[in-house]
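1. Sequence and predicted structure, then a few things I'm wondering about:
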Amino acid sequence: MGPSDPVIGSVPSLEGLIPENDVTVLVCLDGKTETSGVRARLDVAYYTRLFQKLCNKENGIVRNINLMQISFFDQYDLFLAKLHLCDIFFMAGFTSRVKHVEAIYARRNPDMTRKRHAVANRCVTNRMLFWGVCGSAVGCGTEWDMFLSSRTLSPPNFQMLELLADGRVDYQACSGAACTITGDLTEWHITSGIGLLIVMTEHRQAAIPFCCVKKNRWEHGKTCKLMEPKLIEQVQRMATLASEYMTDNGEKWRLHWGTGKIEY
């Protein structure tokens, strides 16, 4: 329905979040790819229209959306070349029945490990925005142990993208407008109707819950308010932490979240 769409309108506005003029969006549909390896078809017109609406929310400076499909099953050099052009990395959701998705997070696969770190490197240094949906949002954390899922990806064998320091994503998939909020500051809550926008820079540290569905918006809004005190504590804690990543050349480096300081 355009920039006034109630879902788009619920996304908080953050200055500098969207680049000016031209925005390159990479769309990863690996969760929609068939087990046989047949790649899901990218509906360019559909996704271009959606991201044009998103990027122009309270922001008339985006002229062009450049859309490309990317896959963790691409050759590494091609995968890396696409990432270096990327402003927004969109990873579509997937269910617990898409077994081949496990390969993306397998520690024993050095090719996938390099690609995971390549995505993480650009995100945590604020060169690229990551938008994950459903299972892809869970992949932002350190582990996958969803109690509603038939898939359990244990940390010894699997590594997520680790974009939240030592935090894991607790996706409460069938909670409706409710959300069970625990006292565990390593547990970032999302639901089927509430998403999180998380920003961590030297000058701005914030985590904002927002309703991402059109129904029961009032009830979802009340739940967002209940989530906010914990999110403030989580962001403050995250700013004190450091995480280790790997460069494109395999060199280990450490990021201090609160200051943005990098050590090799």
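-> Cool, the structure landed. A quick note: this is a predicted structure, and the numbers were derived from the prediction, not measured.
2. bridging residues for residue 208?
-> residue 197 (DSSP bridges).
3. check contacts around it.
-> Shown in contact with residue 208 (CB atoms under 8 Å, 6 or more residues apart in numbering): 12, 196-198, 231. Just so you know, the C-beta spots here come from the backbone N, C-alpha and C atoms, and that holds for glycine as well.
4. and residue 245, how far is that from residue 239?
-> 17 Å (CB to CB, to the nearest Å).
5. Can you pick out the residue with more neighbours from these two?
-> Between residue 245 and residue 239, counting by other CB atoms under 10 Å, residue 245 is the more crowded of the two (19 against 15).
6. okay, the more buried one: pLDDT?
-> Residue 245 is assigned a predicted lDDT (pLDDT) of 96.
7. which stretches of the protein have low pLDDT?
-> Where the chain drops to pLDDT under 70, the residues are 1-17, 34-38, 57-60, 95-98, 146-151.
8. any chance you could map the helices in it?
-> Remark: helices assigned in the chain by DSSP state H are 6-9, 44-55, 76-83, 110-124, 135-138, 217-238.
9. Strands of the stretch 151-264 of the chain, start to end?
-> Per DSSP state E, counting those that start in this stretch, the stretch 151-264 of the chain carries strands over the ranges 168-172, 187-191, 194-200, 205-211, 242-246, 252-256, 262-263.
10. Residue 64: which of the ones you listed is closest?
-> For residue 64, the closest of the strands of the stretch 151-264 of the chain is strand 194-200, at 23.6 Å, according to CB to CB.
11. Please export the alpha-carbon coordinates of that closest one; PDB is fine.
-> In PDB, the C-alpha atoms belonging to strand 194-200 read as follows (Å, rounded to 0.1, in the frame of the first residue of the first chain):
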ATOM      1  CA  ILE A 194       7.100  -8.600  16.900                       C
ATOM      2  CA  GLY A 195      10.600  -8.000  15.400                       C
ATOM      3  CA  LEU A 196      13.600  -6.200  16.700                       C
ATOM      4  CA  LEU A 197      15.700  -3.400  15.200                       C
ATOM      5  CA  ILE A 198      19.200  -3.500  16.800                       C
ATOM      6  CA  VAL A 199      21.800  -0.800  16.300                       C
ATOM      7  CA  MET A 200      25.300  -0.900  17.800                       C
END
